[in-house]
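>>> predicted model and sequence follow; I will ask about them next.
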Amino acid sequence: MARFTLPRDIYFGRGSIDELKNLKGKKAMIVVGGGSMKRFGFLDKVIDNLHQAGIETQLFEGVESDPSVETVMKGAAAMREFEPDWIVSIGGGSPIDAAKAMWAFYEYPEITFEDLITPFSFPTLRQKAKFLAIPSTSGTATEVTAFSVITDYEKGIKYPLADFNITPDVAIVDPDLAETMPQKLTAHTGMDALTHAIEAYVSTAHSDFTDPLAIKAIQMVFKYLPASYNGDHTAREEMHYAQCLAGMAFSNALLGIVHSMAHKTGAAYSTGHIVHGCANAMYLPYVIKYNAQNAEAKKRYCDIATAVGITGTEDEMVEGLRNKIWEYNKTLNIPKTMQEYGVKEDEFLEKLPEVAKNAVGDACTGSNPREITPEQMEKLLKCCFYGTEVDF
């Protein structure tokens, strides 16, 4: 038996944020990141709409990029004091991911972060509150997924939390919010969405329910991302929908080792975070070559190639897909290697065994179409660092 879970309601289209005025409830804790949603007036819209619905609100502001365990615990404590029956999060993936984790600790103060690291181990939520997400970026699709990524800075590890319990009840996918993204963020989130869709399509957990969503998302990203990057409003809207479709696919089909590597390299180096979407974009062509040694994975990469107009033999189609991704990375000013990104060679090599081991143990590795050992992961990470060819 398999399972396919989405939010009960997804509102989309320009101005759909105003649907908040129809929400039924008493109290809403609004979780938000930095200042952009306030600066562009969207936070005020959320508050005004909720007040029109007769809902009392309280803000939890300042969720950082790559939210920490400490921020999650602070938010949960604020929720326990306020006792909301709705948690509403607006912004990029970080505040929404943080709010999902806060939700668990709000309803179950006695659990620990370690209790939640095991995939699909959450206690039953919605005992105290429901969850509504409003994304401002076009990549993570956390508004429709069963995932949250939280960083333990002491260990230097990003943990993907996974459980259908944290799939939001309501998603509002309003492209007006995506207009606020700067160009670099548009690039990184767009390639994140592409990676979600490609990994979902080749995942061992893919199904007839997830495949069409993944393929459509891939086609839309390749069609609209360059124009969205250059500020086209129509393309920006289509990308906001494409990333949501990709999220629907990967939330149910799961992901693979591109994400395992991005999670475990993201906070590992003293040179600073490797931005998640950028990491995915860099690693994806190398992982495609590695996974294509598996016959079923190769066939499915060829399906993707066909869907975006790439022809030839199977090997030519796989290489064509990799080259297309590299071309997009170049257009979007995304580095080709970790070294080009700025990671120092001596630190990379020193931490390589530990990072590789952690990546193999990541929650996303289990659904990758080709198995990988820590030794193979070290080789793959070296390819991603130096830009050498994957030949194993």
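Yes, it's here. Numbering: from 1, shown residues only.
>>> neighbours of the nearest residue to residue 267 once chain neighbours are set aside, how many?
Spatially, and ignoring its direct neighbours in sequence, residue 267 is nearest to residue 156 (4.9 Å; C-beta to C-beta, 6 or more residues apart in numbering). The C-beta positions use only the backbone N, C-alpha and C, and glycine is treated the same way. By the criterion of other C-beta atoms under 10 Å, residue 156 has 18 neighbours.
>>> so residue 156 versus residue 259, what's the distance?
Distance from residue 156 to residue 259, counting by C-beta to C-beta, to the nearest Å: 17 Å.
>>> pull the helix or strand where residue 241 lies out as CSV, backbone CA atoms only.
Using DSSP states H and E, residue 241 maps to helix 233-253. The C-alpha coordinates for helix 233-253 follow below in CSV (Å, rounded to 0.1, in the frame of the first residue of the first chain):
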residue,chain,number,x,y,z
HIS,A,233,5.8,38.6,-14.2
THR,A,234,4.0,35.8,-16.1
ALA,A,235,7.0,33.5,-15.9
ARG,A,236,7.4,34.3,-12.2
GLU,A,237,3.7,33.3,-11.6
GLU,A,238,4.2,30.0,-13.6
MET,A,239,7.3,29.2,-11.6
HIS,A,240,5.3,29.7,-8.3
TYR,A,241,2.9,27.0,-9.5
ALA,A,242,5.6,24.8,-10.9
GLN,A,243,7.4,24.6,-7.6
CYS,A,244,4.2,23.7,-5.9
LEU,A,245,3.5,20.8,-8.3
ALA,A,246,7.1,19.6,-7.7
GLY,A,247,6.4,19.7,-4.0
MET,A,248,3.2,17.6,-4.4
ALA,A,249,5.3,15.1,-6.2
PHE,A,250,8.3,14.8,-3.9
SER,A,251,6.3,15.0,-0.7
ASN,A,252,4.8,11.7,-1.7
ALA,A,253,7.5,10.1,-3.9
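>>> which other helices and strands contact that helix?
strand 9-12, strand 170-173, helix 175-178, helix 183-202, helix 211-229 (3 or more C-beta pairs under 8 Å, 6 or more residues apart in numbering; DSSP states H and E).
>>> for the fourth one, the averaged confidence score.
Read that as helix 183-202. For helix 183-202, mean pLDDT rounds to 98.
>>> distance between that helix and the chain's centre?
8 Å (C-alpha atoms, centre = their mean, to the nearest Å).
>>> for it, buried residues please.
Neighbour counts using 16 or more other C-beta atoms under 10 Å place 185-202 of helix 183-202 among the buried residues.
>>> wait, is residue 161 part of a helix?
No - Residue 161 is assigned strand when assessed by DSSP: H, G, I helix; E, B strand; the rest coil, not a helix.
>>> now it. Nearest residue, chain neighbours left out?
residue 148 (4.5 Å).
>>> checking that neighbour next. Helix, strand or coil?
strand.
>>> contact partners for residue 29?
57, 58, 59, 60, 78, 79, 82, 84, 86, 87, 88, 129 (C-beta atoms under 8 Å, 6 or more residues apart in numbering).
>>> thought the first one was touching residue 50?
Right, residue 57. Yes - look at residue 57 against residue 50 with C-beta atoms under 8 Å: they come within range, at 5.3 Å.
>>> between those two, which one's more packed in?
Using other C-beta under 10 Å as the criterion, residue 57 and residue 50 rank with residue 50 on top: 22 against 19.
>>> can you check the distance spanned by stretch 28-46, start to finish?
In terms of C-alpha to C-alpha, to the nearest Å, the two terminal residues of stretch 28-46 are separated by 10 Å.
>>> can you pull the buried residues of it?
28-34, 36-38, 42-43, 45-46.
>>> got it, and stretch 115-128?
Going by neighbour count (16+ other C-beta under 10 Å), the buried part of stretch 115-128 is 116, 117, 119, 122, 125.
>>> need the contact list for the first one.
Residues touching residue 116, when contacts are defined by C-beta under 8 Å, 6+ apart, comprise 101, 104, 122, 161, 163.
>>> of those, closest to residue 263?
residue 161 (11.1 Å; C-beta to C-beta).
>>> helices of the stretch 51-200 of the chain, start to end?
69-82, 93-107, 113-117, 175-178, 183-202 (DSSP state H, counting those that start in this stretch).
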